[in-house]
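Colleague: build me a model:
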Amino acid sequence: MPNIYDQHRAAFANVSAYIVMKNGERIASVAFKYPRDGAGRLYAYVHVFGTEMVRGFAGGYGYDKHSAAVEDAIRKAGSTEPGHLRSAWLDTVDAIRSAILDTNAGGQYWDRRLRDAGYDVWQAV
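Modeller: Model (predicted):
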């Protein structure tokens, strides 16, 4: 019988996922799909609950592709919502966007920027 941990490792070899929480409530998820060769596009899927999921990417190598892909995605978040339908979730998107795109973060990774802004970020996969 195959080892369950080996099966899990094989099933999720090219992905990782995180949950974002605020005040003990899960408010968003971030998932990464890795390129098989390491140099292709790294995709980030960002879903702030109550809004449409968005996807960003970063290519090449030699820099923090995770943060670049999340930054690319969060720039698109909430953009499909008409202004008159603005919800509290879009305020959450704006707060997360502000934290992730913080130009004063000094090169910190995307998850560190969220933690510094008061969010909890936990790796799920």
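Colleague: who's in contact with Ala124?
Modeller: Ala17, Tyr18, Ile19, Ser29 (Cβ atoms under 8 Å, 6 or more residues apart in numbering). Where you see a C-beta, it was placed from the backbone N, CA and C, and this is true even at glycine.
Colleague: out of those residues, flag the one nearest to Lys65.
Modeller: Tyr18 (15.0 Å; Cβ to Cβ).
Colleague: distance of that closest one from Glu52?
Modeller: According to Cβ to Cβ, to the nearest Å, Tyr18 and Glu52 sit 19 Å apart.
Colleague: which helix or strand contains the residue most central in space within the chain?
Modeller: Closest residue to the average C-alpha location of the chain: Val30 at 3.2 Å, with Cα atoms, centre = their mean. Assigning secondary structure by DSSP states H and E places Val30 in strand 25-33.
Colleague: these two touch, right, Val48 and Thr92?
Modeller: Yes - contact between Val48 and Thr92 holds when scored by Cβ atoms under 8 Å: they sit 5.7 Å apart.
Colleague: for Val30, give the beta-bridge partners.
Modeller: Tyr18, Val46 (DSSP bridges).
Colleague: low-confidence regions, the chain specifically.
Modeller: Within the chain, the segments meeting pLDDT under 70 span 1, 79-87.
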